[in-house]
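# got a predicted model here, sequence first, then my questions.
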Protein chains: 2
Amino acid sequence: MVDADTYWPAELFADLDRTGPVPLYFQVSSRLEAAIHSGAIPAGGRLENEIAIGQRLGLSRPTIRRAIQELVDKGLLVRRRGIGTQVVQGQVTRAVELTSLYEDLKNSSHVPATRVLGHDVVPASEIVAQSLGLSVGDDVVFVRRQRSTDGVPVAVLENYLPLEFADITREQLEEHGLYEIMRARGVTIRVAKQKIGARSARGDEGELLDIDSNGPVLTMERVAFDDSGRACEYGHHCYRPDLYSFETTLVAK
Amino acid sequence: MVDADTYWPAELFADLDRTGPVPLYFQVSSRLEAAIHSGAIPAGGRLENEIAIGQRLGLSRPTIRRAIQELVDKGLLVRRRGIGTQVVQGQVTRAVELTSLYEDLKNSSHVPATRVLGHDVVPASEIVAQSLGLSVGDDVVFVRRQRSTDGVPVAVLENYLPLEFADITREQLEEHGLYEIMRARGVTIRVAKQKIGARSARGDEGELLDIDSNGPVLTMERVAFDDSGRACEYGHHCYRPDLYSFETTLVAK
DNA sequence: AAGTGGTCTAGACCACAAC
DNA sequence: TTGTGGTCTAGACCACTTA
């Protein structure tokens, strides 16, 4: 059953809960992910086949398949037909991350803060109207914030929201994230489409980010959609590039 | 069966092929995607429930579920328990894209070109060694290229590869993409972990990109893994920010 | 109460890779 | 030939939403 070159830390899977609200596939995948991150299943290590794992845990093959698929989609595992399932050598990214100052800030107990620079109802420009599915000139809520971490400014955030959010207060914006405020009002973000780029700072951005007035900034433009597929936020953000970067994992289809 | 407010362009699903190599769930999801992009199922429109669709097509519910899940993962559909499945208002992103010069270049019949700036075997630095899972000082292949589109330089690409790729020729690099060359040698990229950021141009980058010598550049650092989970490429690229940006779609778990 | 998606089962057949 | 993952079926029960 257990080849010399396959790994299965059975002790991690002793306490599956069939009665609680947590799906079985999620219990399996999260324990498997922990086993990979802890090194109990090393980089390059092979897993048993899906049916054997299922018998071992008393679960059906589709449930095991789904658990494994979750980690394939995260880029932690690789599956090949006729071969088996192996752990990706993913430890390296941690080392890469450590080279940036942002990670130092992030790993230390950082204190985020928000300063509200603007908070108005304005007519929608063409790009805002298109993004939110409105007409040019329709009223929208405009919010401009400066985000800091441990007292160091890291981003200038400009957001446009539908008029239903007109009663959001300055105090709310200073103490909570925008998505947090929206969720408290029953609006949950489900999908976001983003464009990441770079340009020179302009206007007061250099001053607000404490960098050269025309120094480089990292930019992110985003349209977010809620539960029902309705566009409910358009944002244009710029970040201090020495303190912020975007990390993604891509998996070939 | 067909509510006034659900959509199902049955004619698009008349020719499912049960004998060919294309999975049924893929045939369904790709036709569904086409129906959404064409507007046959409009933004905000609702789909029938999964079981009804299955009966309509003579397929089981899990197969239909998987087809729908593909499009949920792409950010085209949203599902809610007790409610149903709806199309996300995603058309807006196309409008956003059109605002960038990059898209203009991309939509015109663009001609990509590659100039090889450097092509050597060098000892691995610490970051290269960590990324590729080697030891500092081990020999690796280093490639530096300038990528142009329609004669306009858009990127400077620096890549480090394991020594097994030492026999790649300058001519191959000028006529094919790096992944294309690797695939022809039996190495398929399956997972990539990348970090996107910004900084000022340095060294000869400004000259190579035809921008100010210290102007802003968009950067991408990447480690790619093959079929077996082995790291097989480390790259550090920089892009002209007025000609290039990264677009992603995020879906809440 | 009725309808929806979320989860789970216990099989089956197939394509592909290795021996 | 054997073992692997890839696909597919025909049900089942549940949680959640709306009416």
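Looks like it arrived, so ask away.

# pull the number of nearby residues for the nearest residue to A:R202 once chain neighbours are set aside.
Spatial nearest neighbour of A:R202, chain neighbours left out: A:N214 (7.5 Å); criterion: C-beta to C-beta, 6 or more residues apart in numbering or on different chains. The way it works is simple: take the backbone N, C-alpha and C, and place the C-beta from them, glycine included. Neighbourhood size, A:N214 [other C-beta atoms under 10 Å in any protein chain shown]: 16.

# against B:V154, how distant is A:N214?
For A:N214, the distance to B:V154 equals 22 Å [C-beta to C-beta, to the nearest Å].

# any residue of stretch A:215-229 touching DNA strand D?
No - applying C-beta under 7 Å from any atom of the strand, one finds stretch A:215-229 separated from DNA strand D by no less than 9.0 Å.

# tell me the SS of the residue nearest to A:R202?
coil (DSSP: H, G, I helix; E, B strand; the rest coil).

# again, but for A:Q146
The three-state assignment at A:Q146 reads strand, by three-state DSSP.

# could you tell me which residues make contact with it?
Contacts for A:Q146 (C-beta atoms under 8 Å, 6 or more residues apart in numbering or on different chains) come out as A:114-115, A:117, A:153, A:155-157, A:208.

# can you check A:F246 too?
Applying C-beta under 8 Å, 6+ apart, the residues near A:F246 are A:196, A:218, A:220, B:195-197, B:246.

# and for A:R144?
Applying C-beta under 8 Å, 6+ apart to A:R144 gives the contacts A:116-119, A:156-159.

# buried members of these into ChimeraX, please.
Selecting the buried subset of these in ChimeraX, with 16 or more other C-beta atoms under 10 Å in any protein chain shown as the burial test, is done by:
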select /A:156,157,158,159
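
# among the contacts of A:R144, which ones are in strands?
A:116-119, A:156-159 (DSSP state E).

# mind picking the two most distant members of the residues you listed?
Spanning the widest gap among the ones in strands among the contacts of A:R144 are A:H119 and A:V156, at 14.2 Å by C-beta to C-beta.

# interface residues of chain A facing DNA strand D?
Taking C-beta under 7 Å from any atom of the strand as the criterion, the neighbours of DNA strand D within chain A are A:21, A:47-52, A:61-62, A:65, A:79-85.

# where does the stretch 1-150 of chain A have low pLDDT?
With pLDDT under 70 as the threshold, the stretch 1-150 of chain A has low-confidence stretches at A:1-4, A:91-109.

# correct me, but A:I196 touches A:R222?
No - assessed by C-beta atoms under 8 Å, A:I196 is found out of contact with A:R222, at 9.3 Å.

# the more surrounded of the two?
A:I196 (23 against 19).

# so for the more buried one, what pLDDT did the model give?
Looking at A:I196, its pLDDT is 92.

# the helix or strand hosting it packs against which elements?
Per DSSP states H and E: A:I196 is located in strand A:189-200. The contact analysis (3 or more C-beta pairs under 8 Å, 6 or more residues apart in numbering or on different chains; DSSP states H and E) places strand A:189-200 against helix A:178-184, strand A:216-226, strand A:231-239, helix B:92-97, strand B:216-226, strand B:246-251.

# per-stretch mean pLDDT over these, give me the minimum one.
helix B:92-97 - the lowest mean pLDDT of the helices and strands packed on strand A:189-200, at a mean of 46.

# residue of the stretch 1-150 of chain A nearest DNA strand C, please.
A:G82 (2.5 Å; C-beta to the nearest atom of the strand).

# what residues are up against A:I189?
Here A:I189 is in contact with A:179, A:182-183, A:224-226, A:232-233, B:252 (criterion: C-beta under 8 Å, 6+ apart).

# what separation is there between A:L250 and B:C238?
Taken as C-beta to C-beta, the span from A:L250 to B:C238 is 19 Å.

# so between those two, which is more surrounded?
Taking other C-beta under 10 Å, A:L250 and B:C238 do not tie; B:C238 has more neighbours (25 against 14).

# show me what that one is bridged to.
B:V156, B:T219 (DSSP bridges).

# isn't it up against B:D204?
No - with contact defined as C-beta under 8 Å, B:C238 and B:D204 do not form a contacting pair (11.3 Å).

# can I see the domain layout of chain A?
As given by the TED database, the domain ranges for chain A are A:6-87, A:92-246.

# show me which helix runs longest in chain A.
Ranked by residue count under DSSP state H, the longest helix found in chain A is helix A:24-38.

# need the contact list for A:R170.
A:116, A:119.

# again, but for the one 4 residues further on
Residues counted as contacts of A:E174 (C-beta under 8 Å, 6+ apart) are A:114-116.

# gap between it and A:R115?
For A:E174, the distance to A:R115 - C-beta to C-beta - is 7 Å.

# again with A:R61
54 Å.

# repeat for A:G215
Counting by C-beta to C-beta - A:G215 and A:R115 are separated by 20 Å.

# neighbour count for these two, which is higher?
A:G215 (20 against 13).

# what residues does the stretch 101-250 of chain A put near chain B?
Applying C-beta under 8 Å from any C-beta of the partner chain, one finds that the stretch 101-250 of chain A approaches chain B through A:127, A:130-133, A:188-200, A:215-218, A:221, A:223, A:225, A:227-231, A:241-242, A:244-250.

# beta-bridge partners for A:I196, please?
A:M220, B:F246.

# thinking again about what came up before, tabulate the contacts of A:Q146 (JSON lines), appending distance to A:S38.
Formatted as JSON lines, the contacts of A:Q146 follow (distance: C-beta to C-beta, whole Å):
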{"residue": "A:T114", "distance to A:S38": "36"}
{"residue": "A:R115", "distance to A:S38": "40"}
{"residue": "A:L117", "distance to A:S38": "44"}
{"residue": "A:P153", "distance to A:S38": "37"}
{"residue": "A:A155", "distance to A:S38": "34"}
{"residue": "A:V156", "distance to A:S38": "39"}
{"residue": "A:L157", "distance to A:S38": "36"}
{"residue": "A:L208", "distance to A:S38": "42"}
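
# ok, now which ones touch the closest residue to chain B within the stretch 1-150 of chain A?
The nearest approach of the stretch 1-150 of chain A to chain B comes at A:V88, 4.0 Å away (C-beta to the nearest C-beta). By C-beta under 8 Å, 6+ apart, the residues touching A:V88 are A:43, A:75-78, B:191, B:225, B:229.

# on that earlier part again, from the contacts of A:F246, which is closest to A:P123?
Out of these, the member with the shortest distance to A:P123 (by C-beta to C-beta) is A:M220, at 23.9 Å.
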